[in-house]
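Participant: model this:
(2 chains)
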Amino acid sequence: RKEVEQDPGPFNVPEGATVAFNCTYSNSASQSFFWYRQDCRKEPKLLMSVYSSGNEDGRFTAQLNRASQYISLLIRDSKLSDSATYLCVVIGGKLIFGQGTELSVKP
Amino acid sequence: GAVVSQHPSWVICKSGTSVKIECRSLDFQATTMFWYRQFPKQSLMLMATSNEGSKATYEQGVEKDKFLINHASLTLSTLTVTSAHPEDSSFYICSARGLGGTGELFFGEGSRLTVL
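Facilitator: The predicted structure is shown next:
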């Protein structure tokens, strides 16, 4: 089993749709969790941290479920500019990236 | 926000030569830097964790004699790909975590290496 595993992509959705990604992790001692966004051939950029209580930033909501060892990212009212690859990052001694989920938002 | 600068952004070299990539934290001190490699359509794979003043910790399967990492100061880490071969062609990205950081990573712009 991979240390960090994400939903396989790509996700093709129309503008305005709501889309959710999941990311599971195997190390129960993992301490910090993040979602990053990566545009083609660019470096990843932090989208948001994920807290136990869940957190929201505009159209984006991140949640953590420690019991089931997964984090999620919900994007509401998708925009064309949301098209990118979304990477989850889990820190438990070392940083591990998920393989990324590609999102394509169509007009 | 914090800035991490990576240089060069792209390099083309002949097989058998060595290539050095620099990663600098410009406005903060980074006790820990990470080096990743990313092949097309794949995620970032951690190669090694570099701690200032000590030896790097390499991930399983990464040859430490081929990928030399030096973290001589709190603002600079270097990755040298020795005797590069075409299969080493990839996108190399460094990231840094600041002193007393919350865990957020700051990424360099990446270096695209093409070995002919």
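
Participant: residue numbers of chain B in contact with chain A?
Facilitator: B:34, B:36, B:42-46, B:49, B:91, B:93, B:95, B:102-105, B:107-110, B:112 (C-beta under 8 Å from any C-beta of the partner chain). Every residue, glycine included, has its C-beta placed from N, CA and C.

Participant: list the pairing partners of the host helix or strand of residue A:48 within its sheet, with orientation.
Facilitator: Residue A:48 is part of strand A:45-49 when elements are defined by DSSP states H and E. Using DSSP bridges, strand A:45-49 pairs in its sheet with strand A:32-38 (antiparallel).

Participant: any idea of the mean pLDDT in the strand it pairs with?
Facilitator: In this model, strand A:32-38 has an average pLDDT of 91.

Participant: what do you get for stretch B:28-36?
Facilitator: On average, stretch B:28-36 scores 87.

Participant: how far out from the middle of the chain is that stretch?
Facilitator: With C-alpha atoms, centre = their mean, to the nearest Å as the basis, stretch B:28-36 stands 9 Å off its chain's centre.

Participant: the residues of chain B next to chain A, buried ones only, as a PyMOL selection?
Facilitator: Selecting only the buried entries of those in PyMOL, with 16 or more other C-beta atoms under 10 Å in any protein chain shown as the criterion:
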select buried, chain B and resi 34+36+43+44+45+46+49+91+93+95+104+105+107+108+109+110+112
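
Participant: from the residues of chain B next to chain A, which land in strands?
Facilitator: The strands, defined by DSSP state E, take in B:34, B:36, B:45, B:46, B:49, B:91, B:93, B:95, B:107, B:112 from these.

Participant: now, the most widely separated pair of those residues?
Facilitator: B:49 and B:112 (22.3 Å; C-beta to C-beta).

Participant: wait, what's in contact with the residue nearest to the spatial centre of chain B?
Facilitator: Note on chain B: the residue nearest the mean C-alpha position is residue B:35, at 3.6 Å, using C-alpha atoms, centre = their mean. Residues in contact with residue B:35 (C-beta atoms under 8 Å, 6 or more residues apart in numbering or on different chains) are B:23, B:46, B:47, B:48, B:50, B:67, B:69, B:77, B:79, B:92, B:93, B:94.

Participant: ok, residue 20 - how many residues close by?
Facilitator: Went with chain A since none was named. Neighbour count for residue A:20, taken as other C-beta atoms under 10 Å in any protein chain shown: 13.

Participant: can you look at chain B instead?
Facilitator: Residues near residue B:20, counting by other C-beta under 10 Å: 15.
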